[in-house]
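Chemist: Following is a predicted model, sequence given first.
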Amino acid sequence: MNTWTSRVCAAVLTCLTLAGCEGGFGLPGTGDDDGLRSATLGLGAVTLVAPNGFCIDKRSLRARFALMARCDTLGVRADGDVPLALITATTVPGDTARPITPEDLGTRAETVLDRADRDGLTMVQVRGTPPSPELREIYWRAAGRVGNQIVGLAIYEAQDSAPLGARAPRLLEQTMQLSQAQTVASVVAAADNSATPPNN
């Protein structure tokens, strides 16, 4: 594993542990020789899918949390022009009657710099304290609904890499779109399997 990614991933996981992040490993994910590209979160309610060129760090998997990084930094094959960044995903049961607003995403310790709302995904760019000093103090947060869960995403950029600009929110959009589609497909497949009569 790339030294930078290993060190920063460890810092992120340490911060989450100190913050009381829910323990316990998530359900197994699906992957191939190119790394872990998807995993189930939210007690099986959400199928998280990493965006193109990113893989899920298997060490990070919890019942409601996963961390994604560029695949080659996790020791598997690189996938074209992929930025050096970390993406986190968390899930919580969602209140379907209440819309997600930008005010839900920031904290008092962060300053909101920009806002966006695309296809049900609410996003804010903030200036705050990242989980590692090797990450930029400006990062994006996002949240959207996947089934009966709210999925929260954040993307952090490496301090010494070129700024992502508009690529950062696009990566969050792609993560959400892929995860929504795969979650629906998994639910449909499960329903079809349960409706299939057993062979006599």
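Modeler: Nice, thanks for sending it over.
Chemist: what about the closest residue to Val76 other than its chain neighbours, neighbour count?
Modeler: Leaving aside its sequence neighbours, Val76 sits nearest to Gly35 (C-beta to C-beta, 6 or more residues apart in numbering; 3.7 Å). C-beta coordinates here come from the backbone N, C-alpha and C atoms, glycine included. Neighbourhood size, Gly35 [other C-beta atoms under 10 Å]: 22.
Chemist: got a list of what Gly35 touches?
Modeler: 55-56, 71, 74-77 (C-beta atoms under 8 Å, 6 or more residues apart in numbering).
Chemist: and of these, the nearest to Met176?
Modeler: Nearest to Met176 among the contacts of Gly35, counting by C-beta to C-beta, is Ile56 at 15.0 Å.
Chemist: so what pLDDT did the closest one get?
Modeler: Ile56 is assigned 94 on the pLDDT scale.
Chemist: How many residues are close by it?
Modeler: Residues lying near Ile56 (other C-beta under 10 Å) number 27.
Chemist: Pairing-wise in the sheet, spell out the partners of it.
Modeler: Met68 (DSSP bridges).
Chemist: partner residues bridging Val126?
Modeler: Val112, Tyr139.
Chemist: That one and Ala109 touch, don't they?
Modeler: No - in terms of C-beta atoms under 8 Å, Val126 does not count as a neighbour of Ala109; the distance is 9.4 Å.
Chemist: any chance you could map the strands in the protein?
Modeler: Using DSSP state E, the strands found in the chain span residues 30-32, 35-41, 46-49, 54-56, 65-70, 85-93, 111-118, 121-127, 138-146, 149-157.
Chemist: ok, of the contacts of Gly35, which come out buried?
Modeler: 55-56, 71, 74, 76 (16 or more other C-beta atoms under 10 Å).
Chemist: ok, which pair from those residues is furthest apart?
Modeler: Greatest spatial distance in the buried ones among the contacts of Gly35: Ile56 and Val76, 10.9 Å, computed using C-beta to C-beta.
Chemist: quick one on the thing from earlier: in a markdown table, list the strands of the chain along with distance to Leu178.
Modeler: Listed next are these as a markdown table, based on distance: least, C-beta to C-beta, whole Å:
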| stretch | distance to Leu178 |
| --- | --- |
| strand 30-32 | 13 |
| strand 35-41 | 8 |
| strand 46-49 | 4 |
| strand 54-56 | 10 |
| strand 65-70 | 11 |
| strand 85-93 | 11 |
| strand 111-118 | 14 |
| strand 121-127 | 12 |
| strand 138-146 | 11 |
| strand 149-157 | 11 |
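Chemist: what's the offset of the lengthiest helix in the chain from the middle of its chain?
Modeler: Looking across the chain with DSSP state H, the single longest helix is helix 167-195. The gap between where helix 167-195 is centred and where its chain is centred comes out at 13 Å by C-alpha atoms, centre = their mean, to the nearest Å.
Chemist: I'd like the numbering to begin with 31 instead of 1 from here.
Modeler: I'll keep to 31 as the first residue from here, and by that count the last item is helix 197-225.
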